[in-house]
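Enquirer: predicted model follows, preceded by the sequence.
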Amino acid sequence: MMTEGSELRRYRWAVLAVAAGLAAGLASAVVSVNFQLVIFGFNIMYIISPLLAGFVESYIAGRKYGASTGAVSAILVFLSVNIYGWLFPAEPIQWNVFTVGGLLLAFQAAFPTTVNFILAAAIMYALGLLGKGMGDRLTGGNGTVPLGYETGGAGIGIAVGEAVGDPEDLDELRKLAVERMLSAAEAMGGRGAVDIQLKVTVIGTDIIAVTATGTATG
Amino acid sequence: MLMLTSQMIEGKRISRYHGIVTGDALIGANIYKDIFSGVRDVVGGRTSAYERELARARKLALSSMADAAERLGADAIIGVRLDYHNLGGTMGNTILVSATGTAVSLEDDD
């Protein structure tokens, strides 16, 4: 049974890991500000500091605590550098693609799971839109697939197809019966069949007959 | 004799209904006996001997129904339905193929 003392000793490394991460992240932020480590109008602390904090915390937690501590320091550093940067800007922020990209990267460094989830959702949504666009293009937007030929045509006779076999082959037998019916329709000079009925009849105890009956149209 | 499963015929108008006509055909027990005694031709699980006999019975039933319609003076049979019934319980030694339709006289649409 674990005593209260050993429990505290166990969590000590978790707290230390978070503290170390926090220290490393904040230190890197101080260095970035003091040395004006700016790239494309964007101080690298927004990206580097949360990443460094998360890395240090995870490294120590993994080695000493034996489990993840959730990159708490990365979130704290992310909040700290952003509060500092937005409330006390050393110089007006320059909005450009690098600034926005950097902010997104910083956000990703602080909240990796959340950002990955949002990214996955956005990608799925974009793919859905793409699929809808392609579907609309193919179907004319009303959910129907064009036949590619005029419907109608005079009925020229009955077309029938039969397929007999084992019950376990029912799907295959259905297809075969319809294919044979269509072949019969074509043999009659038709280009298809309408008003089709599919029937299954059991023969004996272990054999089925599938029949497809329709009107061949020319 | 024009036979259709549909109720309408494009380009034609029904001028007279002659009533229901039917035709039947049975596949007898001797067919099964032949099949089970070695004539069975299984390709991918399908028994083509059965299919040949079914097709033969179906043609016979349709032909019989067409004869009945002709005797009524009809030009066509519409709404044709083919039914297949297994007779003889689980032994299933006979199949009844039954064709049913409505005999009609046609004239061209104006």
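Expert: Arrived safely.
Enquirer: I'd like the average pLDDT over stretch A:37-46.
Expert: Averaged across stretch A:37-46, pLDDT comes to 78.
Enquirer: from memory B:Ala57 sits against B:Ala99, does it?
Expert: No: using Cβ atoms under 8 Å, B:Ala57 is not in contact with B:Ala99; the gap is 10.1 Å. Using the backbone N, CA and C atoms, a C-beta is placed for each residue, glycine as well.
Enquirer: tell me which helix or strand of chain B sits lowest on mean pLDDT?
Expert: Between all helices and strands in chain B, the lowest mean by mean pLDDT, DSSP states H and E belongs to strand B:42-43, at a mean of 44.
Enquirer: looking at B:Ala57 and B:Ala99, which one has more neighbours?
Expert: Legend: neighbour count by other Cβ atoms under 10 Å in any protein chain shown for B:Ala57 and B:Ala99, higher for B:Ala99 (27 against 22).
Enquirer: for the more buried one, pull up the helix or strand it's in.
Expert: Using DSSP states H and E, B:Ala99 falls within strand B:94-108.
Enquirer: do A:Ala109 as well
Expert: Residue-wise, A:Ala109 maps onto helix A:97-110 under DSSP H and E.
Enquirer: contacts for that helix, please.
Expert: Helix A:97-110 has contacts (Cβ atoms under 8 Å, 6 or more residues apart in numbering or on different chains) with A:39-42, A:46-47, A:50-51, A:54, A:71, A:74-75, A:77-79, A:81-82, A:93, A:115-116.
Enquirer: now do the buried residues in that helix.
Expert: For helix A:97-110, the neighbour count (16 or more other Cβ atoms under 10 Å in any protein chain shown) marks A:Gly102, A:Leu103, A:Leu105, A:Ala106, A:Phe107, A:Gln108, A:Ala109, A:Ala110 as buried.
Enquirer: ok, residues contacting whatever helix or strand B:Val21 lives in?
Expert: If you go by DSSP H and E, B:Val21 is part of strand B:12-27. Under the contact criterion Cβ under 8 Å, 6+ apart, strand B:12-27 has outside partners A:154, B:53-54, B:56-58, B:60-69, B:72-74, B:76-78, B:87, B:94-110.
Enquirer: ranges for the strands of chain A?
Expert: Per DSSP state E, chain A carries strands over the ranges A:38-39, A:42-43, A:155-165, A:192-203, A:207-217.
Enquirer: which one of those lies nearest to A:Ala23?
Expert: A:Ala23 sits nearest to strand A:42-43 of all these, at 19.1 Å, using Cβ to Cβ.
Enquirer: in its sheet, what does the closest one sit against?
Expert: As defined by DSSP bridges, the strand partners of strand A:42-43 come to strand A:38-39 (antiparallel).
Enquirer: any weak-confidence spans in chain A?
Expert: Scanning chain A with the threshold set as pLDDT under 70 gives A:1-7, A:41, A:89-95, A:98-99, A:102, A:140-152.
Enquirer: which positions in the helix of greatest length in it come out as buried?
Expert: Longest helix in chain A, counting residues (DSSP state H): helix A:4-34. Buried residues in helix A:4-34, counted by 16+ other Cβ under 10 Å: A:13-14, A:16-18, A:20-22, A:24-26, A:28-29, A:32-33.
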